[in-house]
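> Everything below, folded, please.
(one chain, ligands or ions: 2)
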Amino acid sequence: MESLADRAYLVTGGGTGIGAATALHLAALGASVTVIGRREEPLKKIADEVRRQGGDALAHTADVRDPAAVEAAVDAAMDRFGRIDGLVNNAAGNFVTPAEKLSPNGWRAVVDIVLNGTWNCTSAVARRMIETNRPGSIVSVIATYAWTGHPGTVHSAAAKAGVVAMTRTLAVEWARYDIRLNCVAPGPTETEGAGSALWAEQEDRDRVLASVPLRRFAGAAEVGDLIGLLLSDRAAYITGTTLTADGGQSLGAQIYGPPLETNGASPSPR
Ligand SMILES: CCC/C=C/C(=O)SCCNC(=O)CCNC(=O)[C@H](O)C(C)(C)COP(=O)([O-])OP(=O)([O-])OC[C@H]1O[C@@H](n2cnc3c(N)ncnc32)[C@H](O)[C@@H]1OP(=O)([O-])[O-]
Ligand SMILES: NC(=O)C1=CN([C@@H]2O[C@H](COP(=O)(O)OP(=O)(O)OC[C@H]3O[C@@H](n4cnc5c(N)ncnc54)[C@H](OP(=O)(O)O)[C@@H]3O)[C@@H](O)[C@H]2O)C=CC1
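Ligands and ions are numbered 1, 2, ... in the order given. Model prediction:
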């Protein structure tokens, strides 16, 4: 595992789920982290946990939809740590609804958080990297339905696809500044946010699990580990890509023939 000592990262939505696991992972590798979100309490909890483990963290409230609030958060991170080496665009909003019932405001809420929020944070952080003449790495968390689409989440799927296009565009445009941009596409990952938005009932969980060839949810920590890999110098030649970690879900389930026999192996939890 590569040390990230002396590095400083920002993680949006860093108070819960995948964002919190990522912040803790980066801190465990020696990095300083600024966690950003709307609610102060979960952010403080993660920052306190980082400090308890001997690291340094800043909790800063901001709604990623608000460019001025994002600027203030990035300034606070620069003031505190003197540098920014990377950003994790993890904040998201989601709910399942038939597209024909989605209100203009429901569409706007999700697209604003996922697409505009990612742009607000990406542009604010990249400008600091360019001004201070430092290389950087930006990782955005998307979902595989960015390319497959998914009924019931038209707002999120469209916004995540926009994030992929943004990532590919900027990977080429900002390569001259040595700023790398990549995406991670996790499959169903055990978090409170996704659990309540997408698989609240046992039958929903069962249906989700049946769609994953590896037959388990991802752990937030294993997704955080992959985000850490893309941020680190081990990925120094990787830019403009999406790393998919979905247990095979986006490849599709068996359709033809009777169900294949298993040998009774059960998934190992992460
Ligand atoms: C593989 C899976 C991939 C997983 C991906 C993930 O992202 S998991 C991560 C999951 N984590 C999270 O999602 C965590 C963060 N999530 C959130 O903050 C909220 O869920 C949010 C996205 C609605 C934004 O909140 P906000 O305070 O900015 O907005 P607000 O409350 O004011 O609502 C705005 C509009 O949306 C409407 N609306 C809302 N719900 C529903 C619904 N179920 N049905 C229909 N409509 C709904 C609401 O009625 C209103 O429209 P209206 O009535 O004015 O026309
Ligand atoms: N869990 C899963 O199965 C999958 C998740 N993903 C992606 O992973 C990422 C993390 O999801 P997950 O950890 O599951 O979900 P969570 O709901 O736990 O995380 C979402 C985080 O985003 C923050 N957030 C939401 N809206 C805003 C906003 N407007 N401004 C700032 N922060 C905001 C929330 O904090 P607060 O409410 O305090 O602002 C929360 O900490 C998301 O991008 C999601 O789309 C992708 C595929 C699968």
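
> Could you tell me the per-residue confidence at the closest residue to Glu2 other than its chain neighbours?
Closest residue to Glu2 apart from its sequence neighbours, by Cβ to Cβ, 6 or more residues apart in numbering: Ser232 at 4.7 Å. (Glycine included, C-beta is placed from N, CA and C.) At Ser232, the model reports a pLDDT of 97.

> Is there a neighbour count for Ser232? I'd like the number.
When neighbours are defined as other Cβ atoms under 10 Å, Ser232 has 20 of them.

> Next: the one 4 residues further on.
Number of residues near Ala236 (other Cβ under 10 Å) recorded here: 11.

> Against ligand 2, how distant is it?
Ala236 sits 24 Å away from ligand 2, going by Cβ to the nearest ligand atom, to the nearest Å.

> ok, that residue - contacts?
Arg180 (Cβ atoms under 8 Å, 6 or more residues apart in numbering).

> what does Trp107 give?
The neighbours of Trp107, taking Cβ under 8 Å, 6+ apart as the test, are 154-155.

> how about a cut-off of 6 Å?
His155 (Cβ atoms under 6 Å, 6 or more residues apart in numbering).

> Just the pLDDT at it, thanks.
Note for Trp107: predicted pLDDT of 98.

> likewise Arg270?
69.

> And the residue nearest to Glu2, how far from Gly30?
Ser232 sits 11 Å away from Gly30, taking Cβ to Cβ, to the nearest Å as the criterion.

> Tell me, how many residues neighbour Ala69?
Counted with other Cβ under 10 Å, residues neighbouring Ala69 total 17.

> surely it meets Ala62?
Yes. If you go by Cβ atoms under 6 Å, Ala69 and Ala62 touch, sitting 4.0 Å apart.

> May I ask you to confirm that Asn94 belongs to a helix?
No. Read with DSSP: H, G, I helix; E, B strand; the rest coil, Asn94 is coil and lies in no helix.

> For it, grab the count of nearby residues.
Neighbours of Asn94 (other Cβ under 10 Å): 19.
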